[in-house]
Structures are given as structure tokens and as C-alpha cells.
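**Q** Show me how the following folds:
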Amino acid sequence: MKKVKAYVISFAVLLAAWQLLAMSGLFPSSLFPSPVQAAQALIRRAASGALILDIGASMYRFLLGYILAVVSAVLLGLLLGWFPKAWNYVNPIVQFLRPISPVAWLPFIVLWVGIGDIPAIVIIFIAAFFPVLLTTVTAVGSIDPVYLKISDNFGLGKVQTLFGIVFPAAFPQIANALHIAVGTAWIFLVVGEMAGSQSGLGYLIVDARNNLQTDMLMAAIVMIGILGIVLDLLIRCAQEHAEKIWGIQRKEAEED
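**A** Okay, here's the model as predicted:
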């Protein structure tokens with residue numbers, strides 16, 4: 001309930017500030033639409049059925065790229081964290097590739113596969129992959145040795161230990177990386193759609209800009225923000241569900 005109240009108050013203040021700035025006369029309404037104008041544009045887009053198609057295209061690309069990145073990064077991170085000698089050789093390559101912006105690869109991706117869904121999916125994959133990989137490796141490497149002793153006492157195999165004990169123990173740290181990866185990947189989804197797609201919210205921004213439809217442009221930005229919050233909440237709910245299954249206790253401050 002406290003979180004809901006915080007969200008309501010925060011967005012009420014944001015909308016009020018937005019409306020006051022629009023009414024101040026610093027910018028003409030054609031350059032800085034008010035919340036009402038953006039809402040009207042969003043309603044028109046929704047009434048035509050195009051908004052559902054935009055959201056569907058963006059969510060399809062995002063979920064596919066994000067899920068592929070998370071699954072591959074967690075599995076690889078578990079293995080590399082479990083075998084630190086192998087990580088010593090892989091780490092320099094990761095540290096070389098990690099700082100390179102996913103957007104830098106976009107020209108090559110478009111040249112290799114053309115425009116469409118794949119460029120955006122690849123960019124999302126790259127954006128989400130490295131944060132999850134590095135966090136997983138670190139989390140596995142910092143596991144309390146007590147867990148491994150328990151595994152030996154019960155005679156568990158390496159695979160059972162890795163996925164039945166190590167992964168649940170490392171999950172709280174991995175979950176934090178999942179939150180970070182959601183935000184990063186969602187940002188780069190828009191970039192990928194703006195450059196290599198003919199549909200989606202990113203493409204809607206480009207189309208509205210080219211047609212000088214600033215109300216639609218602002219509406220698309222608002223929708224991107226709303227969906228970003230929804231995605232973060234879904235990840236948080238999945239995290240809490242997994243923690244309940246594994247009996248992981250959370251701090252009371254986080255529960256409030």
C-alpha cells in the first residue's frame with residue numbers, strides 16, 4: 001500500500017509540473033504538448049488499433065531478446081563462476097566487449113541481416129547480457145563455503161550442487177542484475193527500433209518526429225515510460241515468487 005501511495009503522489013507531482021510548464025508559455029504548444037494533448041493523441045492511436053500493434057511489436061522484440069540474454073548469461077555465468085580458472089581467460093574478452101555500446105554494432109547488424117526485428121533483438125540481447133553475466137559470475141564466486149560443505153555431506157553431484165544450491169544462494173544478487181538489465185535493454189530497444197524497424201514504439205517516435213506530430217511524440221515517450229515501469233514490476237514479482245519458493249528471507253524495509 002505504501003508503494004502504491006508513493007507512485008500516485010510521484011506521478012501526480014510529475015503531471016502537475018508538466019502541466020504548469022506547458023501553461024507557462026516558455027514553449028508553444030506545438031513544441032511542448034500538455035498532458036491533455038498527449039493523452040488525446042494516445043487515445044486516438046489506441047482507438048485506431050495502431051497502439052496495440054506498436055506495443056505488441058516492441059514487447060515481442062524486447063521479451064525475445066531479454067529472455068535469450070538472461071538465460072544464456074545466467075547459464076554461462078554459473079559455469080564460469082564455478083570454474084574460476086576458465087573465467088580468468090574469458091574475463092579479458094568480456095571486459096573488452098562490455099564497454100562497447102550496443103548501438104555501435106547496429107550498422108553491422110543491419111548490413112548482415114537487414115532491417116526488421118532482428119537488429120532490435122540483437123541490441124537488446126547485448127544490452128542485457130553483460131550485466132547479468134558479470135553479476136552471476138561474481139555471485140557464484142562469493143558463495144558461502146558452508147553451502148558447498150552441505151552439498152558434500154549429502155553427496156550431491158556437481159550439477160545438483162550448481163543448480164540446486166549455488167544458483168538459489170546466488171539468486172538475490174542475480175535478481176538485482178535482472179532489474180538493471182530490464183532498464184538498459186528497454187532503452188536500447190527504442191534505439192534499435194528507431195534505426196532498423198518499421199513498427200513499434202521506437203519507430204512511432206521517428207514517424208511522429210518526421211511528421212511534426214509532437215503530441216504523438218510525447219504520447220509515445222509516456223507509453224515507453226509506463227511499459228518500463230510495468231516490466232520492472234513484473235521482474236520484481238517474479239523475484240519475490242522465486243525467493244518464496246527457495247525460502248529466501250527479504251528485509252522488512254524492502255517488503256514495505
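
**Q** Could you use CA atoms for every contact and neighbour count after this?
**A** Will do.

**Q** any idea how far stretch 89-109 is from the chain center?
**A** 18 Å (Cα atoms, centre = their mean, to the nearest Å).

**Q** CA-only coordinates of stretch 152-161 in PDB, if you can.
**A** Written as PDB, here are the backbone C-alpha positions of stretch 152-161 (Å, rounded to 0.1, in the frame of the first residue of the first chain):
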ATOM      1  CA  ASP A 152      29.300 -32.700   0.100                       C
ATOM      2  CA  ASN A 153      27.700 -34.100   3.200                       C
ATOM      3  CA  PHE A 154      24.600 -35.000   1.300                       C
ATOM      4  CA  GLY A 155      26.700 -36.500  -1.600                       C
ATOM      5  CA  LEU A 156      25.200 -34.200  -4.200                       C
ATOM      6  CA  GLY A 157      26.800 -34.200  -7.700                       C
ATOM      7  CA  LYS A 158      28.200 -31.100  -9.300                       C
ATOM      8  CA  VAL A 159      25.200 -30.400 -11.400                       C
ATOM      9  CA  GLN A 160      22.800 -30.800  -8.500                       C
ATOM     10  CA  THR A 161      25.000 -28.600  -6.400                       C
END
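
**Q** ok, and what's touching that stretch?
**A** If you take Cα atoms under 8 Å, 6 or more residues apart in numbering as the criterion, stretch 152-161 is touched by 148, 151.

**Q** And stretch 38-49, by the same measure?
**A** 51-52, 215-216, 218-220.

**Q** try 10 Å
**A** Outside of stretch 38-49, the residues within contact range by Cα atoms under 10 Å, 6 or more residues apart in numbering are 32-37, 50-54, 213-223.

**Q** and that stretch, which residues are buried?
**A** For stretch 38-49, burial by neighbour count (16 or more other Cα atoms under 10 Å) applies to 38-39, 41-42, 45.

**Q** and of these, the nearest to Ala185?
**A** Leu42 (23.8 Å; Cα to Cα).

**Q** Find me the pLDDT at that closest one, would you?
**A** At Leu42, the pLDDT value in this model is 92.

**Q** which SSE is it in?
**A** helix 35-47 (DSSP states H and E).

**Q** Which helix or strand lies directly C-terminal to that helix?
**A** That would be, after helix 35-47 and using DSSP H and E, helix 50-82.

**Q** Please compute how far that following helix lies from its chain's middle.
**A** 8 Å.

**Q** now do stretch 177-188
**A** Counting by Cα atoms, centre = their mean, stretch 177-188 comes out at 3 Å from the chain centroid.
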